[in-house]
Structures are given as C-alpha cells and as structure tokens.
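>>> Sequence plus predicted model, see below.
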Amino acid sequence: MSDLSDLYQQVILDHNRRPRNRGKLPTANRVAHGDNPSCGDQCSVYLNLDGDRIQDISFDGSGCAISQASASLMTTQLKGKTAAEAEAMFKDFHEIVTSGKEPEEISDVAAFAGVHAFPARIKCATLGWHAALNALKGDEQPATTESHTD
C-alpha cells in the first residue's frame, strides 16, 4: 500500500508544480470566486458553458499545495461534463476527502483520500469545487469554506 500512497502523493505534487488549465479563460461566460479564510486559499474558476455542458474550464488563485492541486485536477475532471455530472463528481470527491474511502477504480481523484486525516485540509481540497459549482449555478457570491461543513 505504501507504493500506492507514494503514487498518490506524486499526483498531488505534480498538479501543484505543473497545474493544468491555470489562468483566466478568455472565453468564459461564467466566473466564480472562492475563499478559504482559515488557510488563506483563494480560487477563481472560469467556465465556458454551452447549455449545461462545460466546454472549457480554468482556474486561477493562490494557496497551499492541496488547494492548488485539487483545483488543477478538478479542471481536468470536469471539462466536457454536464452540470449534473459535475455535481455528482463533486459528491464523489467530497466523500473521498471526508471519509478516506478510495473509489473502486484507481484514479487521480483517489490521491486526495489521505486528506480526510487532516480535517482542516478538507476545506483546502474542496474550495475550487465549491467555486466551480457556484459558477455552474451562476451564483456570483464568493464561495467560502466557512459556509460549508467540510
């Protein structure tokens, strides 16, 4: 199991060092911002929606390695998905980071299962996801981890 833990750690470090889809998306037609006051993380998510499908997605912000890696990974997972699929993926991700239960199939998302052992980091891991859900809903209020139980 140590090899799998090492692999997961590498996934997080790789997404932190070389974030995917980072920067403002010039074609965005939805934007939402998120703030994690307890850690200082900030994340903006930019979506280009076609109907309810995410045609393109990016993020920008600053914060700890967990928040930045999670936002990067989130963009790779949500691109091309519908709003309903994105919400279902967030529920699955939330289950992983709060319970530590790994999904049946090995995936990069499973790398965040270890976050459950550090409750303060759950908010870091979910910040970008909360901002993305706000963007999908067209909610312009900043997403804040203080209003969520995770």
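Sure, I can see it.
>>> shaky segments in the protein?
Along the chain, the parts satisfying pLDDT under 70 run over 1-4, 7, 106, 147-150.
>>> for it, what spans make up the helices?
2-17, 65-78, 83-99, 119-137 (DSSP state H).
>>> List the buried residues for the longest one?
What it means is helix 119-137. 121-136 (16 or more other C-beta atoms under 10 Å). C-betas here are computed from N, CA, C, even on glycine.
>>> From the chain's centroid, how far away is it?
6 Å (C-alpha atoms, centre = their mean, to the nearest Å).
>>> ditto for stretch 83-100
10 Å.
>>> How much space separates C64 from L78?
Relative to L78, C64 is positioned 21 Å away (criterion: C-beta to C-beta, to the nearest Å).
>>> the more surrounded of these two?
More crowded of C64 and L78, by other C-beta atoms under 10 Å: L78, with 24 against 17.
>>> Settle this for me: Q77 is touching M89, isn't it.
Yes - shown here, Q77 and M89 form a contact pair, counting by C-beta atoms under 8 Å, at 6.0 Å.
>>> Comparing these two, which shows the higher neighbour count?
Q77 (21 against 17).
>>> so who does K81 touch?
Residues in contact with K81 (C-beta atoms under 8 Å, 6 or more residues apart in numbering) are R53, I54, M89.
>>> ok, Q9 - how many residues close by?
Neighbour number of Q9 under other C-beta under 10 Å is 12.
>>> If we ignore the residues flanking it in sequence, what's nearest P103?
Leaving aside its chain neighbours, P103 sits nearest to A110 (5.5 Å; criterion: C-beta to C-beta, 6 or more residues apart in numbering).
>>> What is the burial count for the residue nearest to N134 when sequence neighbours are not counted?
Leaving out its chain neighbours, the residue that sits closest to N134 by C-beta to C-beta, 6+ apart is A32, at 3.8 Å. Residues near A32, counting by other C-beta under 10 Å, number 24.
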